Structure formats: structure tokens, C-alpha cells
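# structure, please.
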Amino acid sequence: MKQIILLGLVGLLIACNSKPVESNDNARNTKLKTMEQNKATVRAFFNALEAENLDRLVGLFSEDAKHVNPYHANIFPKGAYGKEGIRAYWSPVFPNFDGMQFDLKEMHAMDGGEVVYVAFTGKIRKKNNAGLYTNQYYSTFKFNEAGEITEYVELFNPVTAAQGLGLQDQLIKTQKMKKVEFKSEGLNVVGNLYYPADYEEGKTYPAVICSGSWTTVKEQMAGLYAERLAQEGFITLAFDFRNFGESEGLPRAWENPAMKIQDIKNAVAYMNTLSEVDNKRIGAFGVCAGSMYTLMTASEDEGIKAVATTASWLHDSEAVKLFYGGEEGVQQRMQAAQAAKKKYAETGEFNYIKAISTTDETAAMFGPYDYYLNPARGAIQEWSADQFAVATWEDWLTLDPFPSAEKLTKPLFMVHSDGCVLPDYTKKYFENVASANKELLWVETEIASPMHQFAFYDQEEEVGISIEATAKFFHKNL
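The predicted structure follows:
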């Protein structure tokens, strides 16, 4: 009897253990199949590049895929977002070369095949028999369950790339930058101070303080313009306003115009303490809403000797109705802000909404605004798309910069277009400025308003136009 029972138990154990073994085999086979399929997709990626087949290349990516170049050295694209962004990234590449070849040295599937690592050599034939550009690359491909590429990260030596493509002069222009801190109304403000490439200790230089769009941090458009203006011979400062980025202040992401204007004034005072800055030649520059704050500050602060703006956002009580649901939408937001401020005063708790969304209509910015959605553009890790203080609405919607125009007697330069936001309001402000030394550069475009606005945040054509003209203005007036 004992033997029968023992044999029965053994049989039961064997029966119980047989299913996991079979299950493990299936899982292993599925894993191996996924790994091989994704590795085949990686090979298809390189084959499409060599065949210059753009449609086949783009078809390998998911709709929300991203392409990231971590070491772009600011002379190559940072990457792209979404299928159309990836198409736009690669479209100009093929016509610029006479073919390319990729030798895959290593390929490993990891994390169950969801990630494929590749080491390869890229050999690019330059136009007009100008030789061969070669570089070593290390990349990772991430995949979704459908086998589509969701992320492509490309690591390469930017110095080798610049030398091979004749862009070494742009590397030489890369200037010194250091992180700085100063106080604004008792709170710590953090900024990046940029120096010209030919900076020499003991000399003094004209300076420009750069401010970006609402909700943004110093690593976005303010930092880009600061870096580019430094290349033109200025010492420049881009900083996080209070309540944003690395600077102190609560509630976070509170767009308070009065505080931002005061922060710019305190930035001017800080620049006056630097021995390398000629305090008689300090200018201020703003993009989008940063233009509004900068113009208002320049009308009050004698330390600012000249002011320039690009793609300025200038609104009044009527203009805000166009963007925020008419009178009813404005009033709803105002009431929400007042309730949020009351709650904060009573409990110390903050109310937040999303800064940008394509699905949540309560977001501060509701729409397909690629700059704020694209990690290769403005959707960077230093900025939060999920945080916008509801208290902002009352301060933002009641702001009117137009009275400051009659008090602005400094040299003024503005860049705008019909495709930017509220073009008639920029013209109106410009016409009302008291200064006789003023110029408005109107850029021709076929892009509808307000979508051209975002191109001035980071696209080379628009940024290049703005930098060239603005640098000339500041050299003349500082």
C-alpha cells in the first residue's frame, strides 16, 4: 500500500511539474522569436538607409517613436519625435551624400528582445568626390509588442563628425558656460552664464539677459538664444525664474508676471556685479511671453540699455478671450485661480493642471504643439508637461503690457511674422513705443498663425534670422 501511495505521489509531482516545463519552453521560444524579429528589424533599418528608402525606414517606427542624439554638440540635430518628425529628420540626409554603408560589428538583444544594442561603423561618401566620412556608432533600439521601433538612440563622436563633414569651425565656436546663482527677493535663482569663444579675462563685454516663453526653463529657448548670442560676442544669461526649474519658489510652475518682471530686474542687478560685464552695455531679449515681461521691465529699469524680442506674445483683456474660450472661459479660469489661491492660503496645498495636452482640455496649452510634446525639441526632462499652477490664471489673464509702450524710450528691435501669435498686437505695441530708435523685422512665411511661433523657439531657419539681425542691433546699440 505504501508503495502504491508513494508511486501515486511521484506521478502527481511529475504531472504537476510537466506544465511549467512546457510553459517555460513556450515562453523561451516566444522570447527567442521576439529577439530574432527585432534584430531583423534593426537590419532592415540599416538596409533602408543604404537603399535610401525613406518610406521603408519611417515605416519601421511607431507613431510616437523618438530618435535621440545625446551627443549632438549643438551642431547636429538633437533628434526627432513621431513618424513625421523622423521623416523630416532623414529627408535631407540622402540628397546631401553619395551613399552610405554600415558595417554591423556587434548586435545583442536584451530585456527579452525589447532592446537591441548595436555597434557599427558608418561610412558616408561625400558629394563631388570629396572623400569618405567614417565614424564609430553605438545605438540602442527599443521595441513595442507590435515589433515597431519606439526609440532609437544614436551615440557617435561629434568631434569626428564635425571634422569629417567640415563643421569643425562650429565646434571651435563652442563657448564657455558656467552655472551661477543670485538672489531675487530673498529666493535663490539659478542660471547659466555664457561667454564668447574668444573671451579674455580682464576685458569687459556687452551683456544680454535672455527670457523664454511662459512655463519654460533655462534649457529651452532662453538657453538656445543665450548660447547663440554668446557666439556673436556677448556675455549672456539664461535663468530659471522663481517657481521654475532649479530656482526656489512656491507654488511650482506659477506663472506670475509681476514676479518674473522683478526677477529680470534682479538679473540686471546681478550682471552689474560681474567684473567682466560692461554695466553700461546691458541689453535684454525675450521670446514669446518672455518678450512681454522683458519689454515691461525695460520700460522701468534704467539698467537695460536696449531691448529686443522675437515672436512676442503681447495680449490684453480682449486677446485672451481668443485663446481661452471667450469671456466665459476667461471667467472660469479666473475663478479657479482665485479658489486655488484661497486654498493655498488656508491649507498650504496647491492645485495643478497639465501644462500641455492633446487630450485634456483643462491643460494650460491644449493642442498639437510639437515643440512642447517632442523630446527632441522642448519636451526635455528639465521641464514638466504635467505641472501648471492653477493660481496662474488670474495673474496671466489680467496682464496688459500695452501701457508700458509709451514709457519705453530705449532702442527696440522686434522680430515677428503673420504666422506668429497675435501679429496685429505686436504691430500695435511697436507703433506705441515712445523710442524713436526702433525697428520691426517682419519675416515672410506661409505657415498659419500661431504655428510659425514655435519655429522661432528652435528651428534653425527662424532662429538664424533672429540671431543675425538681433546681434547686429545689440552691437549697434550696446
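
# need the residues that contact stretch 322-331.
315, 320, 321, 332, 333, 397, 422 (CB atoms under 8 Å, 6 or more residues apart in numbering). C-beta: built from backbone N, CA, C; applies to glycine.

# how about those residues in TSV, adding pLDDT and distance to residue 123?
As requested, the contacts of stretch 322-331 are arranged in TSV below (pLDDT from 0 to 100; distance: CB to CB, whole Å):
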residue	pLDDT	distance to residue 123
315	97	53
320	95	55
321	95	58
332	97	60
333	97	56
397	97	57
422	97	50
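
# buried ones among those residues?
Buried members of the contacts of stretch 322-331, scored by 16 or more other CB atoms under 10 Å, are 315, 320, 321, 333, 397, 422.

# looking at the residues you listed, which are in helices?
Using DSSP state H, the members of those that fall within helices are 320, 321, 333, 397.

# max pairwise distance over these: which two?
Pairwise distances across these peak at 11.0 Å for 321 and 333 (criterion: CB to CB).

# shared neighbours, those two?
What both residue 321 and residue 333 touch, as defined by CB under 8 Å, 6+ apart, is an empty set.

# residue 194 reaches residue 205, doesn't it?
No: using CB atoms under 8 Å, residue 194 is not in contact with residue 205; the gap is 10.8 Å.

# overlap in contacts, these two.
Contacts common to residue 194 and residue 205, judged by CB under 8 Å, 6+ apart, are residue 235.

# quick one: average pLDDT of stretch 366-384?
Averaging pLDDT along stretch 366-384 yields 93.

# just how off-centre is that stretch within its chain?
Relative to its parent chain, stretch 366-384 has a centroid offset of 6 Å by CA atoms, centre = their mean, to the nearest Å.

# what residues are up against residue 150?
Residues in contact with residue 150, defined by CB under 8 Å, 6+ apart, are 61, 62, 64, 65, 66, 142, 143, 144.

# 6 Å instead, please
If a contact means CB atoms under 6 Å, 6 or more residues apart in numbering, then residue 150 has 62, 65, 142, 144 as its contacts.

# ends of stretch 390-400, what's the gap?
One end of stretch 390-400 sits 19 Å from the other (CA to CA, to the nearest Å).

# now do the buried residues in it.
390, 391, 392, 393, 394, 395, 396, 397, 399.

# so the fourth one touches residue 337, yeah?
Right, the one you point to is residue 393. Yes: in this structure, residue 393 is within contact of residue 337 by CB atoms under 6 Å, at 3.8 Å.

# so where's the chain shaky on pLDDT?
1-23, 73-74, 168-175 (pLDDT under 70).

# which one's the longest strand in it?
strand 97-110 (DSSP state E).

# now do it: everything it contacts.
Contacts to strand 97-110, defined as CB under 6 Å, 6+ apart, come from residues 35, 39, 46, 116-125, 127.

# and the helix or strand immediately after that strand in the chain, what does it pack against?
Scanning forward in sequence from strand 97-110 by DSSP states H and E, the next helix or strand is strand 115-126. Packing partners of strand 115-126 (3 or more CB pairs under 6 Å, 6 or more residues apart in numbering; DSSP states H and E): helix 2-51, strand 97-110, strand 132-143.

# please redo it, this time with the cut-off set to 10 Å
Strand 115-126 sits against helix 2-51, strand 97-110, strand 132-143, strand 149-156, helix 158-164, with contacts defined as 3 or more CB pairs under 10 Å, 6 or more residues apart in numbering; DSSP states H and E.

# now these as JSON lines including distance to residue 262?
As requested, the helices and strands packed on strand 115-126 are exported to JSON lines (distance: least, CB to CB, whole Å):
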{"stretch": "helix 2-51", "distance to residue 262": "51"}
{"stretch": "strand 97-110", "distance to residue 262": "51"}
{"stretch": "strand 132-143", "distance to residue 262": "44"}
{"stretch": "strand 149-156", "distance to residue 262": "41"}
{"stretch": "helix 158-164", "distance to residue 262": "39"}
